[in-house]
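> Got a predicted structure plus its sequence, pasted below:
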Amino acid sequence: MFLLKSEEEQEQYKQLLAQVDEDVIEMMNDIVTHIQKRVNIPLNEHIHISLTDHIAFAIKRFQQGMGLKNPFLLETKALYPEEYTIASEVVEIISRKIGVQLPVGEIGFIALHIHSALTEKNLLEVNQDSQLIQTIINVIEESLHLQVDKESVHYMRLIRHLHFAIDRVKTGEKIEEPKKIALLLKEEYPLCYNVSWKVIKVMQQALHLPVYEAEAVYLTMHLQRLITKTDL
């Protein structure tokens, strides 16, 4: 059993109980307990509500033959490997307990819920970050006239770099600006350098925060690796 400390959370959970089957509620208690044991650090209590609501709705969609595509599945797996692994286990528990095999895309959605509960980040913020990265990838593909191999190690590195860059912008962290390297990259790889600045502007507009010039330097290197598929 668990105890929700917040009165608001208690009220939301009561409302949820009236809408969700008892066997699903019982299963969700086991699932959250499993997640808690696997991560070994306190989870935000809101996961009892958010994940229960999400999985109950996912089960209904499955039973009605309605699929929900997850366009950010590979990126979620790359960014949050531990959460993704645990989410895979959650999907197995659901299959074992109630005989519903959720589609693989649900692993990504569940992983985001777990990440939110671990980091105290609002799920909306986690989703917004994912959408921003997806927007950036679209800008990169259009600007460089290429279709990125999303299974490649260079793509995975780029995704992680963008994730940490977004976090740096939000916290105001400034990374060292290597001026000599910046001049060299601008001269050697003008296309990637210009695309990097496009990305910087997208980040500025989305986050409403300044982005330091050094971010363009490191992003240029990632983009060049993406094109040549080699390390600089």
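Done, it's in.
> How far away from the center of its chain is the helix or strand bottoming out on mean pLDDT in the chain?
The helix or strand of the chain with the poorest confidence is helix 7-17; it has a mean of 78 (mean pLDDT, DSSP states H and E). Computed by CA atoms, centre = their mean, to the nearest Å, the chain-centroid distance of helix 7-17 equals 26 Å.
> ok, and for that helix, which residues are buried?
Residues of helix 7-17 classed as buried by neighbour count (16 or more other CB atoms under 10 Å): Q12, Y13, L16. Every C-beta, even on glycine, is put in place using the N, C-alpha and C of the backbone.
> which among those residues gets closest to G65?
L16 (24.2 Å; CB to CB).
> correct me, but the closest one touches D53?
Yes - between L16 and D53 a contact is recorded at 6.0 Å, counting by CB atoms under 8 Å.
> what's the spacing between the closest residue in space to I107 that isn't next to it in sequence and I200?
Leaving aside its chain neighbours, I107 sits nearest to A87 (4.6 Å; criterion: CB to CB, 6 or more residues apart in numbering). Going from A87 to I200 by CB to CB, to the nearest Å gives 32 Å.
> Show me which of the two is the more surrounded one.
More neighbours surround A87 than the other of A87 and I200, with 25 against 20 (other CB atoms under 10 Å).
> Which residues are in contact with that one?
E106, I107, G108, I110, A111, I114 (CB atoms under 8 Å, 6 or more residues apart in numbering).
> does L209 sit in a helix, a strand or a coil?
coil (DSSP: H, G, I helix; E, B strand; the rest coil).
> quick one: which helix or strand includes the nearest residue to it once chain neighbours are set aside?
Counting by CB to CB, 6+ apart, L209 lies nearest to V169, which is 5.3 Å off, once chain neighbours are set aside. Secondary structure from DSSP states H and E places V169 in helix 153-171.
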